[in-house]
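>>> Sequence and predicted structure below; questions after.
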Amino acid sequence: MEFITAQNISFKYETEENTSEISKNVLDNISFSIKKGEFVAIVGHNGSGKSTIAKHLNAMLVPSLGKVYVDGMDTSDEDMTSLIRRKVGLVLQNPDNQLVASIVEEDVAFGPENLGIDPKEIRKRVDEALKAVDMYEYRLHAPFKLSGGQKQRVAIAGIIAIEPDCIVLDEPTAMLDPKGRKEVLDTIIRLNREKGITVVMVTHFMEEAVLADKVYVIDNGKLLTSGTPYDVFSQVELLKRHRLDVPQATEICYQLRARGVDISKLPLTDDECVKLLLEVFR
Amino acid sequence: MNVLSVEHLTYTYSVGTPFEHIAVEDVSFDIEKGDFIGIIGHTGSGKSTLLQMLNGLLKPTKGIVKLYDNDIWEKPKEIRKIRFNIGLVFQYPEYQLFEETVYKDIAFGPTNMGLSEDKIKESVINAAKFVSLPLEYMDKSPFDLSGGEKRRAAIAGVVAMDPDILILDEPTAGLDPIGRDVLLSQICSYHKQRGNTVILVSHSMEDVARVCDKVLVMNKSKMIMFDTTKKVFSREDELNSIGLRVPQVTHITDKLIDNGIKLDKGILTVEEAVEQITERLKKEGKL
């Protein structure tokens, strides 16, 4: 079932008065749809418009042209905004900008409290959310003392406590070290697979995009290509032409194939690549 | 010639309190002029403390840092001069821009060095060129630049002092692939053209493999490896055991070697891997 649908959306930021600059479309006629339970990755360069798309998914922005529907609700209908934001939660890049309270569990409770939920229910949701991101034992800690990865997981817990159907994450791992990045990524995957939460992740790490069910590549405000990670990353020429990264595993086999080695299906992960090359040597 | 020598360097935070904590323990190494060194290690392994001792921001609890054979702490009052010679670019340096114009911000270091107006202008323009900042940006406010441009302006501020040693703490963190490639190749050409020493801290093993001649590995306050990039990345098992990894391409070729395919240990780039695998296939008559 389609959960989010974007129909021919274009977006431009309003120009300031008294300037002669004509703003160009940040998004240019993009359409896509996201199914319930799907794990979608949106990749592209800085300035490509990928974060602008993320902000359209929970009515933070509404398209200048075209429509976005979340679970059938039009995001440009202001009466629906608060309901849409209960269904779609947004996690941003910098964990330091998202935590508001001085104790972890109070921070997680912030969302449900604002929704006016019964205190007993809040307690239950906060505990469950913290357990889901594996931060329960830190519930009484001060957020500023946590590592980047831990802070980001608390931010995710704060969203889960609202019990959304879908979480949108805008480069959630960009500012983290490898350990923090793995913690956050493992958490996101677990939420998707075990709790069935729809996940939309904006990233420029291709090794993260490989894990998704579906990948959308955005370049210069337009949809460059989309499909399963395999469909997308086998278009090595196209991605390289737009100076996007390809996993090294894919790149090695792509170049070997260009030199005449018999490789039909390009691998996406290290293990696939090793297996494939061992076949070639056999 | 050693431009920098470090002998038995130790740093302990909060000495004599219950919070006493050893951040760097007994680290010794020599860096030759013109070396391009990568430093890798987990967050909390002591990398940043080490960097801050290298340019005299922190005074070692024990041990000596020598610049051209002179202890940098010999005359503590002149430690500021050391920082003109050993330039440190912090993580997310764009948060440290503060002047009214990009020009003034880049000129801050050279001005403090007491250079003449003409010299300052020359170093600012050269530094801006090195990081590809258009000269028409010089009169803009640094806060009107994009994220990547801000970062390059901040790096230019350190480059403008023409330090013998340039230290960069995760200069590509948070940049997208284009931004990362551009910045890395600018650092490489800076290193080549000036022949200066560069020390780069990075979490990206692929980047380190691409640009560094030697790699220093920190783990739990200790230096556990310091060798050529190839030799360090040949020790995949050891690196894995401390939670670090090798570049993806090195991991793949190592696995092939484990399975009896004859390739060199410590392959660092995709090009090298493709070259060796093709050679091997030809030798075995499979291509």
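Alright, I've got the coordinates.

>>> Using CSV, list the CA coordinates for stretch B:266-273.
Only the C-alpha atoms of stretch B:266-273 are listed here, as CSV (Å, rounded to 0.1, in the frame of the first residue of the first chain):
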residue,chain,number,x,y,z
GLY,B,266,47.9,-4.3,1.6
ILE,B,267,46.4,-3.2,-1.7
LEU,B,268,45.2,0.3,-1.1
THR,B,269,43.3,1.6,-4.2
VAL,B,270,40.7,0.2,-6.6
GLU,B,271,43.2,0.8,-9.5
GLU,B,272,45.9,-1.2,-7.8
ALA,B,273,43.4,-4.1,-7.1
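
>>> near chain A, anything from it?
Yes: applying Cβ under 8 Å from any Cβ of the partner chain, one finds stretch B:266-273 touching chain A at B:270-271, B:273. For glycine as for every other residue, the C-beta is placed from the backbone atoms N, C-alpha and C.

>>> ok, and for the host helix or strand of B:T12, which residues are buried?
Following DSSP states H and E, one finds B:T12 within strand B:2-13. Across strand B:2-13, burial judged by 16 or more other Cβ atoms under 10 Å in any protein chain shown covers B:3-7, B:9-12.

>>> Repeat that for stretch B:206-222.
Those would be B:206-212, B:214-219, B:221, for stretch B:206-222 by 16+ other Cβ under 10 Å.

>>> And the furthest pair within the buried residues of strand B:2-13?
Across the buried residues of strand B:2-13, no pair lies farther apart than B:V3 and B:T12, at 26.8 Å, counting by Cβ to Cβ.

>>> Tell me the residue of the stretch 51-200 of chain B that sits nearest chain A?
The nearest approach of the stretch 51-200 of chain B to chain A comes at B:D176, 4.3 Å away (Cβ to the nearest Cβ).

>>> burial count for that residue?
Neighbourhood size, B:D176 [other Cβ atoms under 10 Å in any protein chain shown]: 24.

>>> what does B:L88 give?
Neighbours of B:L88 (other Cβ under 10 Å): 20.

>>> Also A:L140?
9.

>>> pretty sure it contacts A:E106?
No: in this structure, A:L140 is not within contact of A:E106 by Cβ atoms under 8 Å, at 9.6 Å.

>>> quick one: low-confidence parts of the stretch 101-250 of chain A?
For the stretch 101-250 of chain A, no stretch has pLDDT under 70.

>>> hey, which helix is longest across the chain?
Assuming you mean chain A. helix A:178-195 (DSSP state H).

>>> wrong one, I was asking about chain B
Max-length helix for chain B by DSSP H is helix B:177-194.

>>> what's the span of stretch A:124-144 from first residue to last?
24 Å (Cα to Cα, to the nearest Å).

>>> Give the buried residues for that stretch.
A:125-130, A:132-133, A:135-136, A:138-139, A:143.

>>> How about stretch A:76-91?
Of the residues in stretch A:76-91, those buried (16+ other Cβ under 10 Å) are A:80-81, A:84-85, A:87-91.

>>> swap in stretch A:218-235?
Under 16+ other Cβ under 10 Å, the buried positions of stretch A:218-235 are A:218-219, A:221, A:223-225, A:229, A:232-235.

>>> most neighbours, which of the residues of stretch B:266-273 next to chain A?
B:A273 (26 neighbours).

>>> right, and it touches A:C253 too?
No: using Cβ under 8 Å, B:A273 is not in contact with A:C253; the gap is 10.2 Å.

>>> which residues do the two both contact?
Residues touching both B:A273 and A:C253 (Cβ atoms under 8 Å, 6 or more residues apart in numbering or on different chains): none.

>>> For the residue most central in space within chain B, grab phi and psi.
Computing the C-alpha centroid of chain B and ranking residues by Cα atoms, centre = their mean puts B:L200 first, at 1.1 Å. Torsion angles at B:L200 (phi, psi; degrees, to the nearest 10) stand at phi -120, psi 120.

>>> Just checking: what are the partner strands of the host helix or strand of B:I37?
Under the criterion of DSSP H and E, B:I37 resides in strand B:36-40. Using DSSP bridges, strand B:36-40 pairs in its sheet with strand B:197-201 (parallel), strand B:214-219 (parallel).

>>> Make JSON lines out of these and add distance to B:V182 and mean pLDDT.
Shown next, in JSON lines, are the strands paired with strand B:36-40 (distance: least, Cβ to Cβ, whole Å; pLDDT from 0 to 100):
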{"stretch": "strand B:197-201", "distance to B:V182": "15", "mean pLDDT": "96"}
{"stretch": "strand B:214-219", "distance to B:V182": "23", "mean pLDDT": "96"}
